[in-house]
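[1] take a look and give me a structure for this.
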Amino acid sequence: MKNTQFILGLLASLVICIAIITPASAYSLLFFNPSVVESNPGETPAVDLMMEGFDSGISGYSLYLTLDNPSVASFGEILFPAWVSMNRVVTINSSTVLIQGADLGNQVEPGIPSEKLATISIHANTAGYATLHVDPVMIDDDRHGRYDLVSKTASIVISGAGPSPVIPASQ
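    Numbers count the residues shown, from 1 in each chain. Here you go, the predicted structure:
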């Protein structure tokens, strides 16, 4: 009887340790909302950069944003949500910026399903198509870990470019 209780206690302890060490999901997702931005030349639409899967909160992030056709669309103002108490935007070249933010007030707690990281204004320069990419350098959690990330792109369609492009179903 004592051996059975000991073994059950040991198994319970092992299950708790595995639950604490193993993350709830293997990957977190970076995506744009909306995933397709339609505009006219001269306008400045905005798109939100979102993250899904804050299983361990967030302490800070550093991400590259790239527009693959800067003659069609270019970056405008980049705004951060109120929880980002420190932020920085660095222009790398005509098509890439580095954005950085930190949650010094611990406002994004573990378990939040999704959260906005930034709002990106896009200058619609001329008719055509562009793709907005996010390339994470790092996103750190509140437990001194780092998220494994999967990211999606956004399609930018500026009117006058001809027929709409075929957008893959995974977008």
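
[2] read off the pLDDT value for Phe54.
    Here, the pLDDT recorded for Phe54 equals 77.

[3] what about it, distance to Ile139?
    9 Å (Cβ to Cβ, to the nearest Å). Quick note: C-beta positions are derived from backbone N, CA and C, even for glycine.

[4] overlap in contacts of these two?
    Common contact partners of Phe54 and Ile139 (Cβ atoms under 8 Å, 6 or more residues apart in numbering): Ser28.

[5] quick one: the helices in this protein?
    Along the chain, counting by DSSP state H, helices occupy 2-21.

[6] for the residue sitting nearest the centre point of the chain, what are its contacts?
    For the chain, Leu30 is the residue whose C-alpha lies nearest the centre (Cα atoms, centre = their mean; 3.2 Å). Leu30 is in contact with 49-51, 63, 117, 134, 136, 149-152, counting by Cβ under 8 Å, 6+ apart.

[7] relative to Leu132, how far out is it?
    11 Å.

[8] swap in Gly145?
    For Gly145, the distance to Leu132 - Cβ to Cβ - is 27 Å.

[9] which of those two has more neighbours?
    Leu132 (22 against 14; other Cβ atoms under 10 Å).

[10] ok, the more buried one - contacts?
    Applying Cβ under 8 Å, 6+ apart, the residues near Leu132 are 32, 37, 47, 65-67, 73, 120, 122, 153-156.
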